[in-house]
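Novice: From the sequence below, what's the structure:
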Amino acid sequence: MSEIRVLIVEDEPLIAEDIGEYLTNNDYSVSAIVHNLTDAIEAMQKEQPDIALLDINLGDNMDGLLIAEEINKSYNFPFLYLTSYTNKSIVDQAKYTRPMGYIVKPFDEGDLYTSIEIALYNHSQVNKPRQFNRDLINDKMLNHLTEKEFEVLNDIYEGRTNKQMSGKHFVSINTIKTHIQKIYDKLDVHSRSEAIAKVRSLLT
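Specialist: Numbering: from 1, shown residues only. Predicted structure coming up:
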């Protein structure tokens, strides 16, 4: 899958399905929809999401914060809180987990889409090596990236969707998917978040 993969952690199934439908209509892929801490951790291990949307309150507890801590400890992808909590004590607890956004329910689709896009971009810039160029990457690889593949890799870093890349490069979405798959093959990865992590490790 070359689309941006989103993990949805939401204990209200109808809300979760609505979010999933909106995302798939806007060039994202839903890696999983889960409703509790245990399933969220399993989904992170198996599905390798690129970003997560976390409800703070799952059932009768604040497991969304624990999921965020697990992402920070064991994974390296951005997450946003999608929650009805606005009181200061909860916000204070949430901010220490370093989310890339905090969306208060009820929200509209435009806010969600914009927040995800900004979160992906900000996360990529924080994690982008200072020396980021094709020659340096190719020096560490057996199968070299072409100039176009490097341009698409840079778009991945900046959190662009396949549709956005298609418009930027004036090619079809299928052509973009082909470029991304070639990048994955050369880097020996299977997702955008893995690609970002692999390049970072090559350049550090």
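
Novice: got a list of contacts for stretch 158-172?
Specialist: The contact list for stretch 158-172, computed with CB atoms under 8 Å, 6 or more residues apart in numbering, reads 2-4, 26-28, 117, 119-121, 123-125, 148, 151-152, 155, 173, 175-177, 180. For glycine as for every other residue, the C-beta is placed from the backbone atoms N, C-alpha and C.

Novice: Taking those residues, please make a ChimeraX selection of just the buried ones.
Specialist: Filtering those down to the buried ones (16 or more other CB atoms under 10 Å) takes a single ChimeraX command:
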select :2,3,4,27,28,117,119,120,121,123,124,152,155,173,175,176,177,180
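
Novice: residue boundaries of the strands in the chain?
Specialist: With DSSP state E as the criterion, the chain has strands at 4-9, 28-34, 51-54, 79-83, 102-104.

Novice: related to what we said a few turns ago, so which of the contacts of stretch 158-172 belong to helices?
Specialist: Residues of these located in helices (DSSP state H): 117, 119-121, 123-125, 148, 151-152, 155, 173, 175-177, 180.

Novice: Let me see the confidence value for the closest residue to Ile90 other than its chain neighbours.
Specialist: Closest residue to Ile90 apart from its sequence neighbours, by CB to CB, 6 or more residues apart in numbering: Ile56 at 6.7 Å. Listed pLDDT for Ile56 reads 91.

Novice: how about Ile56, what does it touch?
Specialist: By CB under 8 Å, 6+ apart, the contact list for Ile56 reads 62, 64-65, 81, 83, 85, 90, 94.

Novice: Which one (most neighbours) among these?
Specialist: In terms of neighbour count, Gly64 stands highest of these at 28 neighbours, by other CB atoms under 10 Å.

Novice: For it, give me its contacts.
Specialist: Gly64 makes contact with 9, 54-58, 81, 83, according to CB under 8 Å, 6+ apart.

Novice: From Ile103, how far off is the residue nearest to it when sequence neighbours are not counted?
Specialist: Using CB to CB, 6+ apart and skipping the chain neighbours, the partner closest in space to Gly64 is Ile56 (3.8 Å). Distance of Ile56 to Ile103, computed by CB to CB, to the nearest Å: 11 Å.

Novice: Mind listing the shared neighbours of the two?
Specialist: Jointly contacting Ile56 and Ile103 under the rule CB under 8 Å, 6+ apart are 81, 83.

Novice: Restricted to helices, list the contacts of Ile56.
Specialist: Filtering the contacts of Ile56 for helices - DSSP H - leaves 64-65, 90, 94.

Novice: Point out the least confident one among those.
Specialist: Among those, Ile90 carries the weakest pLDDT, at 87.
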